[in-house]
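K.L.:
The following block contains a protein sequence and its predicted model.
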Amino acid sequence: MTESAPSQRNVEIVQSAFDAWDRGDTEAILALCDGNIVVVQADEMPGVPALQNGQAGVLEAFALWPGYWDDFRIEILRTVDLGERVVVTTDQSGRSKDTGIEVAAQFTFLFTLRDGKITEWRIFLREAEALEAVRSSA
């Protein structure tokens, strides 16, 4: 077995986090996150804290969306390997617990990794915004 290149390893780490989400394995996700991880929510999301810090922040972020939805699902559409950053565009869907209405939307995540751990998790409503954030921080 050959060792993965560092950037490919970062993609594998992010994929492992999504796989753990599908299994409901929060502990496995937290093990992939740096203790000082920063979660940055999309500006357009009302009633959501703009920043969440540390693994407690990750747990807080996880509690936000599924708490509103039944049958909440995330499907990965695209993954872009950018070295220490990984962009993942997803379809997310669920049925509102309040109204029973099915809702679907795309969200894009920008993960920054260092030393095999996710150090930042940013959420965008549009993939182009995530890619622009990478370009503007280069």
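P.N.:
Alright, I've got the coordinates.
K.L.:
tell me the contacts of the residue positioned nearest the centre of the chain?
P.N.:
Closest residue to the average C-alpha location of the chain: Phe109 at 4.7 Å, with Cα atoms, centre = their mean. Phe109 makes contact with Val87, Val88, Thr89, Thr90, Trp121, Arg122, Ile123, Phe124, Ala130, according to Cβ atoms under 8 Å, 6 or more residues apart in numbering. To be clear about C-beta, it is placed using only N, CA and C from the backbone, and glycine gets the same treatment.
K.L.:
doesn't Val88 make contact with Leu131?
P.N.:
No: in this structure Leu131 lies outside contact range of Val88 using Cβ atoms under 8 Å: 11.9 Å.
K.L.:
joint contacts of those two?
P.N.:
Val80.
K.L.:
Assign Ile29 to helix, strand or coil.
P.N.:
Here Ile29 is helix, with the state taken from DSSP: H, G, I helix; E, B strand; the rest coil.
K.L.:
quick one: contacts for it?
P.N.:
Ile29 is in contact with Ala17, Ala20, Trp21, Val58, Phe62, counting by Cβ under 8 Å, 6+ apart.
K.L.:
returning to what we had before: between Leu131 and Val88, who's got more neighbours?
P.N.:
Val88 (22 against 18; other Cβ atoms under 10 Å).
K.L.:
how about that one, phi and psi?
P.N.:
phi -130, psi 120 (degrees, to the nearest 10).
K.L.:
hang on, the earlier thing: out of the contacts of Ile29, which is most surrounded?
P.N.:
Ala17 leads those on contacts (other Cβ under 10 Å) with 24 neighbours.
K.L.:
Tell me which residues touch Ile123, please.
P.N.:
Ile123 neighbours (Cβ under 8 Å, 6+ apart): Val39, Val40, Gln41, Ala42, Met45, Phe107, Thr108, Phe109, Leu110.
K.L.:
Next: Glu60.
P.N.:
Here Glu60 is in contact with Val39, Pro49, Gln52 (criterion: Cβ under 8 Å, 6+ apart).
K.L.:
can you tell me the average pLDDT over the helix or strand containing Asp34?
P.N.:
Using DSSP states H and E, the element containing Asp34 is strand 33-40. Mean pLDDT, strand 33-40: 97.
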